[in-house]
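> Sequence first, predicted coordinates after that:
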Amino acid sequence: MQSPRTVKDLQRINGRLVALSRFLARSGDRCLPFFKALKDPKNFQWTSECEEALKQMKQHLATLPRLASVFPGEKLGLYLAASPYVVSSVLVKEISGAQLPIYYVSHILSGPEERYPPIEKLALALVLSARKLRPYFQAHSVEVVTDQPLRQILTKFDVAGRLLRWAVELGEHDISYVARTAIKAQAVADFIVELARVGKDLKRTPEAWTLHVDGSANSGGAGAGLVLLAPDGRSFERSLRFGFKATNNEAEYEALLAGLRLALEMQVAAIHVLTDSQLVAEQLSGGYEARDATMAKYLARVRDLTTKFPHFTLSNIPREENARVDALAKLASRRTPEAWSEIEELPARAIEVATTAPGSTPTTWVQELLRFKRDGALPLDEVAARRLRRTHAWYTEESGRLYRRSFTYPFLRCLEPDEAQTVLAETQ
């Protein structure tokens, strides 16, 4: 290919590259200088940036990867990436421990899309991939391999209207989300590394929010206190009363988990947690071993949530420096009814402390949705799992309870079967 001299020459080159786009990793980033040159056809200029992009494209065309074919029933993987002006993806399959690319997708952002937050750009890349590769998504289970909390974003429909639309659109497909580990193919590794290099200059460590947590348990009940401080000085306080019995150590863990959930809801990227519980701090740092089964479950749940923050730190401080949250926790654990109007209720634990024995009450659809919202766990029945993936976008979890969005937007509380019977009996 020779360097174009006219607009028609460049349009011809772009047409050929579009025809080869399924073979080209991050074709949008590679062709971006060409599209910029075509924005003003009357003042067409072939710049040094365009010449360098054409040179790199020639080198890439000389070493195109071999694409793999697929067979019915195979599980496929999808890698996503986003740069300031382009979102891209690559569909892969695994053969004998190696990952082979199947199809590359790239989309140049325009207008408002360029102003999307990075996590929404990745969600857009997933939606566009599902549209472009619809036959693959309809015939195969697809694992989205990402190091971002994409599943959590797409299951909280009250963040932005477009996220709800995307979640409903993706609900018809068998999509799961897995953490990115080792990349087993050079073509996929190049795709990830090159896109990471594009956004490297834009990365900066965000200012950390500070979270104070404390739990309290006594004969009158158990509760938690939270104070979340923003870098700009704003303060968010919560006093939570537990609807279940808990020890002091369990209350400390519940307080920490409630604070982390609050931070995730507010899309906090960097957080520094301060707690006066030596047990919690030492178990998280590895200094103490969680021998009790309940403590081990709490520890695993906390570690799972901390992975959703790009920057997370935790420090153990004296009780005197945690006075405000200590007061909020004690307020929640009092028996005095007058204080209950100032606190929120946490009806259920963040973990399951007992498994359902054979012959006992079966898991309800409310419990299945809550478990999926918290841990991404699907029921063993394939039909039930597919139904849950298709409908979960219309539900959200707030303070341990499940709510459904109505047509007029207010949340509708989802009741367990025994709760529904009680409500019906009272109304009749």
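Received the coordinates, thanks.

> Mind jotting down where the strands sit in the stretch 51-200 of the chain?
Listed from the start of the chain, the stretch 51-200 of the chain has strands (DSSP state E, counting those that start in this stretch) covering 76-82, 86-95, 98-108, 142-146, 175-179.

> Include distance to residue 63 and mean pLDDT when you put the ones you listed into a markdown table, please.
C-betas here are computed from N, CA, C, even on glycine. Converted to a markdown table, the strands of the stretch 51-200 of the chain look like this (distance: least, CB to CB, whole Å; pLDDT from 0 to 100):
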| stretch | distance to residue 63 | mean pLDDT |
| --- | --- | --- |
| strand 76-82 | 19 | 88 |
| strand 86-95 | 16 | 88 |
| strand 98-108 | 13 | 86 |
| strand 142-146 | 24 | 88 |
| strand 175-179 | 29 | 84 |
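
> Now render those as JSON lines, adding mean neighbour count.
Conversion of those to JSON lines gives the following (neighbours: other CB atoms under 10 Å):
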{"stretch": "strand 76-82", "mean neighbour count": "23"}
{"stretch": "strand 86-95", "mean neighbour count": "23"}
{"stretch": "strand 98-108", "mean neighbour count": "20"}
{"stretch": "strand 142-146", "mean neighbour count": "21"}
{"stretch": "strand 175-179", "mean neighbour count": "14"}
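
> Out of those strands, which is closest to residue 67?
Closest to residue 67 of the strands of the stretch 51-200 of the chain, according to CB to CB: strand 98-108, at 5.8 Å.

> Could you name the helices and strands sitting against the closest one?
Helices and strands touching strand 98-108, by 3 or more CB pairs under 8 Å, 6 or more residues apart in numbering; DSSP states H and E, are helix 27-38, strand 86-95, helix 118-132, helix 186-198.

> what comes up buried for the longest one?
By neighbour count, with 16 or more other CB atoms under 10 Å as the criterion, the buried positions of helix 118-132 are 119-130, 132.

> Nearest to residue 310 among those residues?
Taking CB to CB as the measure, residue 119 is the one of the buried residues of helix 118-132 closest to residue 310, at 10.7 Å.

> these two touch, right, the closest one and residue 154?
No - with contacts counted by CB atoms under 8 Å, residue 119 stays clear of residue 154, the gap being 9.7 Å.

> just to revisit the earlier point, output the helices and strands packed on strand 98-108 in TSV; the columns should cover distance to residue 170.
Output for these, formatted as TSV (distance: least, CB to CB, whole Å):
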stretch	distance to residue 170
helix 27-38	21
strand 86-95	13
helix 118-132	6
helix 186-198	22
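
> looking at it, residue 301 is touching residue 351, isn't it?
Yes - counting by CB under 8 Å, a contact exists between residue 301 and residue 351, whose distance comes to 5.5 Å.

> distance of residue 75 from residue 396?
Using CB to CB, to the nearest Å, one gets 29 Å for the distance from residue 75 to residue 396.

> how about CSV for the strands of the stretch 51-200 of the chain, with distance to residue 24 added?
Rendered in CSV, the data for those read as follows (distance: least, CB to CB, whole Å):
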stretch, distance to residue 24
strand 76-82, 14
strand 86-95, 10
strand 98-108, 6
strand 142-146, 20
strand 175-179, 25
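
> of all those, which lies closest to residue 57?
Judging the strands of the stretch 51-200 of the chain by CB to CB, what sits closest to residue 57 is strand 98-108, at 13.0 Å.

> Just the buried residues of stretch 377-385, please?
Along stretch 377-385, the positions that meet the burial threshold by neighbour count (16+ other CB under 10 Å) are 378, 379, 385.

> which residues of the stretch 201-350 of the chain score low on pLDDT?
Across the stretch 201-350 of the chain, the ranges flagged by pLDDT under 70 are 201-205, 335-342.
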